[in-house]
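**Q** Make a model of this:
(4 chains, ligands or ions: 6)
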Amino acid sequence: MSAQLTAKDFASEQEVRWCPGCGDYAILKAVTRVLADVGAQPENTVFVSGIGCAARFPYYIESYGFHTIHGRAPAIATGLRLANPELDIWVVTGDGDALSIGGNHLLHALRRNVGLKILLFNNEVYGLTKGQFSPTSRPGTRTPSSPAGSFDSPVSPGLFALGAGASFIARAIDVDKQGLGGVLEAVHAHEGAAFVEIYQNCIVYNDDVFSTFTAKENAADGQLHVKHGEPLVFGVDRGKGLRFDVATMKLEIVDAKARPAEVLRHDETNSTLAQLLLAMQPPEFPVALGVVHRNPRTSFEAAFYKHHPTGLKRTASVADAMRQTSTWWVK
Amino acid sequence: MSAQLTAKDFASEQEVRWCPGCGDYAILKAVTRVLADVGAQPENTVFVSGIGCAARFPYYIESYGFHTIHGRAPAIATGLRLANPELDIWVVTGDGDALSIGGNHLLHALRRNVGLKILLFNNEVYGLTKGQFSPTSRPGTRTPSSPAGSFDSPVSPGLFALGAGASFIARAIDVDKQGLGGVLEAVHAHEGAAFVEIYQNCIVYNDDVFSTFTAKENAADGQLHVKHGEPLVFGVDRGKGLRFDVATMKLEIVDAKARPAEVLRHDETNSTLAQLLLAMQPPEFPVALGVVHRNPRTSFEAAFYKHHPTGLKRTASVADAMRQTSTWWVK
Amino acid sequence: MESSHDIQAESIVVRFAGDSGDGVQLMGTQFVAATALTGRDFGTFPDYPAEIRAPHGTTYGVSAYQINLGAGPITTAGDAPKVLVAFNPAALKVNLPLLDDGALVVVNSESFTARGLTKAGYAEDPRKSGELDSFQLVEVDITGLTLEAVKPYGLSKSDAGRSKNFWALGLVQWMFGRDVGIIEDWVVKKFAKNAVVRDANLAALRAGHAYGETAELAAALPHLGTGKASFEPGEYRGVRGGEALALGLAAAGELADRPVIFCSYPITPASPILHQLARMGSLGVGVFQAEDEIAAACAAIGAAYGGAIGVTSSSGPGIALKTEAIGLAINAELPLVVVDSQRGGPSTGLPTKTEQSDLYQAVYGRNADAPLPVIAARSPSDCFAMAIEAVRIALRHMTPVFLLTDGYLANAAEPWLLPDMRDFAPIKSNAAKGPAGKAAIFDRDPKSLGRPWIAPGTPGFMHRIGGLEKDIRTGNISYDAENHQAMTHLRANKVAAVADFIPDQTVELGPQQGAVAVVGWGSTYGALYQAVRRILRTHKSVSHIHLRYLNPFPKNMGALLSGFDRLIVPEMNMGQLATLLRDKLGVEVIQYNKVTGQPFQIRELVRFIEAQLSASVHVGSLPRVMHGDRT
Amino acid sequence: MESSHDIQAESIVVRFAGDSGDGVQLMGTQFVAATALTGRDFGTFPDYPAEIRAPHGTTYGVSAYQINLGAGPITTAGDAPKVLVAFNPAALKVNLPLLDDGALVVVNSESFTARGLTKAGYAEDPRKSGELDSFQLVEVDITGLTLEAVKPYGLSKSDAGRSKNFWALGLVQWMFGRDVGIIEDWVVKKFAKNAVVRDANLAALRAGHAYGETAELAAALPHLGTGKASFEPGEYRGVRGGEALALGLAAAGELADRPVIFCSYPITPASPILHQLARMGSLGVGVFQAEDEIAAACAAIGAAYGGAIGVTSSSGPGIALKTEAIGLAINAELPLVVVDSQRGGPSTGLPTKTEQSDLYQAVYGRNADAPLPVIAARSPSDCFAMAIEAVRIALRHMTPVFLLTDGYLANAAEPWLLPDMRDFAPIKSNAAKGPAGKAAIFDRDPKSLGRPWIAPGTPGFMHRIGGLEKDIRTGNISYDAENHQAMTHLRANKVAAVADFIPDQTVELGPQQGAVAVVGWGSTYGALYQAVRRILRTHKSVSHIHLRYLNPFPKNMGALLSGFDRLIVPEMNMGQLATLLRDKLGVEVIQYNKVTGQPFQIRELVRFIEAQLSASVHVGSLPRVMHGDRT
Ligand SMILES: Cc1ncc(C[n+]2csc(CCOP(=O)(O)OP(=O)(O)O)c2C)c(N)n1
Ligand SMILES: Cc1ncc(C[n+]2csc(CCOP(=O)(O)OP(=O)(O)O)c2C)c(N)n1
Ligand code: SF4
Ligand code: SF4
Ligand SMILES: [Mg+2]
Ligand SMILES: [Mg+2]
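**A** Residues are numbered from 1 along each chain as shown, chains lettered A, B, ... in the order given. Ligands and ions are numbered 1, 2, ... in the order given. The predicted model follows:
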């Protein structure tokens, strides 16, 4: 492996063309930094995206990149994965790209556990097409296509991924260097499909939609950063904790200092806990961030190559294969 | 409303063309019976299907029917629902039709909570195309397209529906008259999207794949019929019960007679319990059957018509509308 | 007093250009509103950047708005602007190549800083480099003068700067010898909720106008004057294709007395139709924003099955995804309107650029023999009539219908003589003829071959339909060989039957027969019309024929075209109508193809057509395919 | 000793028919295997019911297998069977209309019970009603004699009955004067795991054969004899189109020395290719069964991007869904093979019936100007060669390529002279010419216009591609007008360049120029060939031209066709090649269209062509479109 590269080395020569102040800039910065930190090699790194503002991402990274068509990135990346399982393949997608038109491919990439690092930039809006509501928009969102407020009930990316059988589910905030950085490193290390929902601020069409928990003043009570094996606490000086009440089969918030024993510890392998954490919503509950669920299992490409032990190298000839049935000679 | 109709009245004149012994026959019988029992009217009942053996269903029911294209029935039914919210709309689909090609539309019909009665006939195989593995096939399934055994990890229809935010999730077995009948009645009564997974035996391409819990001798220990508010017990003389262990955040089986207090009671509104029940698999656990989850919320069409209080009747004229901007006269 | 360099002409093309944030689109639309009231004809076209909001001052962030105004008939936004107002160096750089010789160039001098010039990619200040010598340059510190004017309202510098466009608008109004009254009225209405902004904009507007008045400057500023249009009497408004199309669909619902359910997934440049219809609930229009284009097409089919007017809309890539579903509508014989707002391709291509290249997809682009009617709008206001026509055909013949429009029509605006809705015949659909029962479902109208439209909920008519081949009489599934042949003919005959209901093809301009006919379709109407009009002035024999019905062709097409020695077919694609003419009529055509994402320019068409006119009549000797003006 | 009614002919058409459960398909394939060894040429076609396993004894549950055998060249499964073996009344009812006059009809008498007759929809027993008078009826209690024969093995009645097909096969073998040796060998191999079944089948087979031997019966049973074919020397096997196509794709991988990644979603009649390739892992073939057709096309594109040979396969409705993705492959300039196994349509249509109606979709069926090469296989064994050709074109020009086949080719079988793989040139792909760097990515081969194929993982060549229009030099996104025009031309020229690499169009049969040429494409090859051959015997001047390259056409096409007074274009669609010929070559053609889901019959073609030959040469006086024989 060649000399350690820096974040700069992963910045392509292309001029970045997001709106000034777009959350995508912060994500781009975090990704290039992590690529450098984990010692990724540009030639073995591929960014595949669909269509959308988020999907512009590959142009700005000095690696291989494929800006494909709307919603299909996971399917294209799956084919690429089978052709070359050695690559680091990142899929960058938006809430519309991934969950509106692309929902089916995301479902199947996750349940098959294809080795893809999937970053979903959720800004709860269709940015590139100028601001219509998306499947993650909250009811009542006023947009050009919902002037009186949208009335679709939204889907939760995390719960959807869990239902699809994802082996890795994480969450982060665009401008949270540390949180996002940590998640991206875990993503890079995961074999199989790694799914990350990144709360991304669209300053033009959906500004501050996440501020209820991303804003400085709301961070302490609004964010719960989970860590495997550690108690699920949050709030100013981590004074609040999560407790599970078997009677109601629901979570509740308790004084972590007063009743430490009752506070749940995070188990990233437990999907029931994952469901409870992913379902939490402000203001009643904080938003769970970090690696919420990680339960490794055989990746799709590993299973595929178990069926192709020679790695798609030929071990027989077509000349023989065409004779694998009764043939006859004419003299 | 006219005279009470019988199951026979709901049988169309079309000759039924499934393979002799196919589980679809039993389901057809149950559906016609329930339609009669609930006093459905043929002219206000519509069966919409995609493509597959299951999707042949509409031909055999004396009602309106639309045998559409592969995977798209939920989308077509959504449009029909908006055009006429008074109808009883049933969507009949297979595991391939609903979860392979149709996954995206099913996701969105469920999260929007469109008033559709969705029956998924799961035979864990593509029947109509002669037996290839499907997204619900177990790993190792040998089929024409997986001669050495399939290696896709399957998706759980129930968990997928839960992740999509379904307001109603039930399960039944094709030949279980009572269980299936009860579920279908609940489906008929539900407003919003009602999702049912029916274990259906494909005698030709996947015979007995469910016998581990459907076979008479396995029924007692293999099936848990849930009922809202009642203890979650099963086994011979209902001697076994489900208990939740907070330490492991997992279910365990206990002696229901010895420790009745610890046995969970079914709460169909609790989605955490739903996840635990839907995830249970034999042989460790019984298969949960009946109405596993029911948590009513505003249906999509209700929200739509709140925006169209006059029910898409005109309250203004185009002649006026085209003048809603500055106009000028030329004399 | 007249200044030497005043501009007086039949019509004048004006262009405003600046950053996405500079509000040139608003400035343009207000200028047009004012223009309309002066009895001028006009054509406009906005030129958006592909990026939502590109970094400030960059060339790819430049937004422009072009207006062609004066004596009518004006049918395009004009070739080369005579007047450019550029708010920054990037705007100047991008638009300079488009200008007519000697054009008036008003620049915002404040923006010509070193930083602004580099951002625009200018090595040297164009004001000094001499590259503006062939133009009339007028430098005005628009920013500075605006800040000055709005100071009383104590806005932040950046907020205050936002009034620039109103200041410039005031100045332009003065140059055209108009006051700013009606713009003031609009500002007062528009910013009613925000008094400070309202007053700042008003102040800027008036200041700009006053700036022209001030004697000592007048000399530098030319007066601009155009001829007046002679309009047919009536009530007019300005309209864009997207608005007209949305209104047309609502009107069709009114004429058919059925709800319209519009199912779409956003995509450029089709979204404006979605946005317009989302506000037309009171007109009996329901809008469903689907999860993707397939769902949108399918939901529209479901709505049609349910008895509503099902419409789906997209652009090329999205239409491609609807292909399979459209086949279902053909087989199930359900009415469906598919609106295709064409854009540059293939694949994602050039989303914000215009093109006419989905004609193949509309006519031939399905699996199996799957014919359907295809029509196209030819101008912004024509979108209204053609939307009604599309619904009329769909309901009469019980078939999906393609309505083609494009990125140019979607955004271009023109004056629209408001129609009297009583002039449109009601839209009838086929009712069951026989008694209740399945037999009635496929008991077709003998002329249109349309079947009765019977929705679920109707007692006594329960039946099953689907995508499998059906028996021509009973509608039951049929794999019978002879029946499939018969159904295949029926589907072909049904589409052919449309020709029995549509008007004969007419000649727009020029003789009914002669040496050369220029045959076009869709949004090129305006440019072809003007080109032929110009040539006719020189007393040469040339005619303009413009198609709105592309499949089937009007019945008289063959006869009409045979009356011309040569047919020139200009298209913004590689020759798709040319293919249709060869395939369906067996005629030989001379193609003129331009695929640049830009509308035709009148002058390039004139040049090409005149070349053909002077060329020998022997077609063989002519190049069969020519290509667009690359400049 | 010869019985009066023996059948001796150049070739004989035999048809086996019974319930889906009766094993007629197995019977057919074994009879063919035996036939091959006797040095006869053959063509076969199975006729499956649409239902998986329809209720026993119903007409729509009938499965049939037809073999045309004898002196070559045999290129179809034959028009009218001379021999029918019917296992039950339904099988008789369905197949009787197909038979040749005086055909031999062997029926299983046991099945002609009242119940069996009603299930088949017979009001009256056809054996008594006289409707069999014009045939030679032979009644044999096949079931009874089979049970008799297998009694020793103590099978249940229903299991024992399963050996029926072997009993009948033994009898047919005897009628053709053959022994049952090689069938015995096969049974022994096939049922090695189940001795009882093996022995029962062997016993039935021998009993059927012995039944013929038995003197007193021989009289009733005719001997059947055909001419011998004169085969080119070499090693042969029987092959179906699906098998040949799969082997061809694997062979292409071998010739290109790249893995083949085949991405598909099951659909009739394309699935056999998927099933075959799923067993070819050792040939470097990876199979991905995707969640839908869109994912299949996209995964194949991703695989191609990754440096593997990406192939996707489907039938009409599934191909329609791939349309948008194929446009991406065009814009990104990635190699992709799209195999379209055509079937009856529109929409779901007639899944199990054959048709040639996706030619429009392949050539014109995309948004925008999106040209790509289209080729078609003409016989089962030709699928092998054309699969290799499709990959060769895709890699050379870096473009998606359509390979058209259909339901007939997929399932029909014929003898295949096994090729020597050394006769195929290796398949080359474009390597980077220049030094490492982005510049190399679009540095095209000047002849093919194909760009270098550089996959992720290659150091130094990191680059970005996508579906937006790109700069013709740098490959960066470009919205530039002139560049879009240039790229549009480049895409057109690239496809046109394919013609510089493919062979000239040849004439299959008949003179190089003359009165009439019959021009066809795809699976109609065999029928057209025989029809023209028959007519040539009558010394009339007619030629057969069959296209394998449909877009672009071979360079000499225009010149070649101009050598004929009239062109007859028979197609199993409404005239799609006819459109292409008019569009691309401007020629006038006489269409003969049949859209019944059934392959052409030689006799109907002969009838039509001869009518054209005797008609006056003045084309105008001829109906331009004629339709297929409805019987
Ligand atoms: C087939 C197709 N349909 C629709 C579009 C238009 N389109 C492009 S991006 C987009 C949605 C973008 O939203 P999201 O995925 O959330 O990305 P964002 O722009 O918000 O980052 C849409 C509808 C398209 N390009 N292609
Ligand atoms: C667009 C399209 N793709 C593929 C097919 C072929 N096809 C028909 S049904 C089917 C799958 C059927 O499986 P499932 O939905 O489980 O229904 P089942 O037959 O098992 O009841 C497939 C692949 C089709 N008809 N249309
Ligand atoms: S529109 Fe929103 S998401 Fe898109 S670039 Fe601008 S700020 Fe970012
Ligand atoms: S194939 Fe299977 S699912 Fe289909 S009809 Fe036959 S038994 Fe039923
Ligand atoms: Mg978004
Ligand atoms: Mg199934």
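**Q** which residue does the stretch 101-250 of chain A bring closest to ligand 2?
**A** Using CB to the nearest ligand atom, the closest approach of the stretch 101-250 of chain A to ligand 2 is made by residue A:104 at 12.9 Å. In this view, the C-beta of every residue, glycine as well, is placed from N, C-alpha and C.
**Q** Per-residue confidence, that residue, what does it come out as?
**A** In this prediction, residue A:104 carries a pLDDT score of 98.
**Q** doesn't residue B:248 make contact with residue A:273?
**A** No - counting by CB atoms under 8 Å, residue A:273 stays clear of residue B:248, with 10.2 Å between them.
**Q** Could you report the distance from the residue lying closest to residue A:18 once chain neighbours are set aside to ligand 6?
**A** Excluding its sequence neighbours, the residue lying closest to residue A:18 (CB to CB, 6 or more residues apart in numbering or on different chains) is residue A:24, at 4.8 Å. With distances taken as CB to the ion, to the nearest Å, residue A:24 is found 42 Å from ligand 6.
**Q** next one: residue C:339
**A** Relative to ligand 6, residue C:339 is positioned 36 Å away (CB to the ion).
**Q** Is there any residue in the helix or strand where residue A:158 lies that contacts chain B?
**A** Using DSSP states H and E, residue A:158 sits in helix A:157-163. Yes - using CB under 8 Å from any CB of the partner chain, helix A:157-163 reaches chain B at A:159, A:160, A:161, A:162, A:163.
**Q** between those, which is closest to residue C:279?
**A** residue A:160 (31.4 Å; CB to CB).
**Q** Identify the residue nearest that closest one in space, chain neighbours excluded?
**A** Residue A:160 sits nearest to residue B:163 (CB to CB, 6+ apart), 4.8 Å away.
**Q** and the one you found, what does it touch?
**A** For residue B:163, the contact set (CB atoms under 8 Å, 6 or more residues apart in numbering or on different chains) comprises A:156, A:159, A:160, A:161, A:162, A:163, A:164.
**Q** Residue C:112 now?
**A** Residue C:112 touches C:89, C:125, C:127, counting by CB under 8 Å, 6+ apart.
**Q** Please indicate which of those residues are buried?
**A** Buried residues within the contacts of residue C:112, counting neighbours by 16 or more other CB atoms under 10 Å in any protein chain shown: C:89, C:127.
**Q** Closest one of the contacts of residue C:112 to residue D:568?
**A** Among the contacts of residue C:112, and counting by CB to CB, the member closest to residue D:568 is residue C:89, at 66.7 Å.
**Q** Quick check, the closest one in contact with residue C:116.
**A** Yes - with contacts counted by CB under 8 Å, residue C:89 reaches residue C:116, the gap being 5.0 Å.
**Q** Next up, phi/psi of the residue positioned nearest the centre of chain C, please.
**A** Nearest to the mean C-alpha position of chain C, counting by CA atoms, centre = their mean, stands residue C:409 at 0.3 Å. Backbone torsions of residue C:409, given as degrees, to the nearest 10, read phi -60, psi -40.
**Q** ok, and for the helix or strand bottoming out on mean pLDDT in chain A, which residues are buried?
**A** Lowest by mean pLDDT, DSSP states H and E among the helices and strands of chain A is strand A:327-330, with a mean of 91. Neighbour counts using 16+ other CB under 10 Å place A:327, A:328 of strand A:327-330 among the buried residues.
**Q** same deal with stretch A:269-280?
**A** A:270, A:271, A:272, A:273, A:274, A:275, A:276, A:277, A:278, A:279, A:280.
**Q** Any figure for the gap between the last one and residue C:390?
**A** To tie it back to what came earlier, the one meant is residue A:280. Look at residue A:280 and residue C:390: by CB to CB, to the nearest Å, they are 49 Å apart.
**Q** that older thread, pick out the most distant pair among the contacts of residue B:163.
**A** Within the contacts of residue B:163, two members stand farthest from each other by CB to CB: A:156 and A:164, at 12.0 Å.
**Q** The two - which one has more neighbours?
**A** Neighbours were counted for residue A:156 and for residue A:164 using other CB atoms under 10 Å in any protein chain shown; residue A:164 has more, 26 against 20.
**Q** Who are the contact partners of that one?
**A** Going by CB under 8 Å, 6+ apart, residue A:164 touches A:106, A:107, A:110, A:111, B:155, B:160, B:163.
**Q** Centroid-nearest residue for chain A?
**A** residue A:196 (2.2 Å).
**Q** Mind checking the pLDDT average for the helix or strand encompassing that residue?
**A** Residue A:196 is part of strand A:194-199 when elements are defined by DSSP H and E. Regarding strand A:194-199, the rounded mean pLDDT is 98.
**Q** and what of stretch A:283-301?
**A** Mean predicted confidence for stretch A:283-301 is 98.
**Q** Could I have the CA atoms of it written out in CSV?
**A** In CSV, the C-alpha atoms belonging to stretch A:283-301 read as follows (Å, rounded to 0.1, in the frame of the first residue of the first chain):
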residue,chain,number,x,y,z
PRO,A,283,-39.9,15.8,21.7
GLU,A,284,-40.9,12.8,24.0
PHE,A,285,-37.7,11.0,23.3
PRO,A,286,-34.2,11.9,22.0
VAL,A,287,-33.1,10.8,18.6
ALA,A,288,-30.8,7.8,18.7
LEU,A,289,-27.5,8.4,16.9
GLY,A,290,-24.5,6.3,16.2
VAL,A,291,-24.4,2.6,15.4
VAL,A,292,-27.9,1.5,16.5
HIS,A,293,-27.8,-2.0,15.0
ARG,A,294,-24.9,-4.2,13.9
ASN,A,295,-25.4,-7.9,13.5
PRO,A,296,-23.0,-9.3,11.0
ARG,A,297,-23.9,-12.2,8.7
THR,A,298,-22.5,-13.7,5.5
SER,A,299,-22.5,-11.1,2.7
PHE,A,300,-24.3,-11.7,-0.6
GLU,A,301,-21.0,-11.7,-2.5
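**Q** Distance check, the closest residue to ligand 2 within chain C against residue C:290.
**A** Nearest residue of chain C to ligand 2: residue C:324, at 6.1 Å (CB to the nearest ligand atom). The gap separating residue C:324 from residue C:290 is 15 Å, by CB to CB.
**Q** Who has more neighbours out of those two?
**A** More crowded of residue C:324 and residue C:290, by other CB under 10 Å: residue C:324, with 29 against 24.
**Q** Give the next helix or strand downstream of whichever strand or helix holds that one.
**A** If you go by DSSP H and E, residue C:324 is part of helix C:316-332. Next along the chain after helix C:316-332, taking DSSP H and E as the criterion, comes strand C:336-342.
**Q** In its sheet, which strands sit next to that next one, and in what direction?
**A** Strand C:336-342 sits in its sheet next to strand C:309-314 (parallel), strand C:400-406 (parallel), going by DSSP bridges.
**Q** how about that strand, does it get close to ligand 1?
**A** No - Strand C:336-342 does not reach ligand 1 (CB under 6 Å from any ligand atom); its nearest approach is 11.7 Å.
**Q** between the contacts of residue A:164, which is nearest residue D:202?
**A** residue B:155 (46.7 Å).
**Q** What's the separation between that closest one and residue B:124?
**A** 11 Å.
**Q** pretty sure residue C:42 is touching residue C:65, no?
**A** No - counting by CB under 8 Å, residue C:42 does not reach residue C:65; the two are 11.9 Å apart.
**Q** Name the residues contacting each of residue C:89 and residue C:116.
**A** Shared contacts of residue C:89 and residue C:116 (CB under 8 Å, 6+ apart): residue C:57.
**Q** closest point of the stretch 201-331 of chain A to chain B, which residue?
**A** Closest approach between the stretch 201-331 of chain A and chain B, counting by CB to the nearest CB: residue A:303, at 3.8 Å.
**Q** How about that residue, nearest residue that isn't a chain neighbour?
**A** In space, residue A:303 is closest to residue B:151, 3.8 Å off (CB to CB, 6+ apart).
**Q** shouldn't the one you found be in contact with residue B:141?
**A** No - using CB under 8 Å, residue B:151 is not in contact with residue B:141, being 9.6 Å away.
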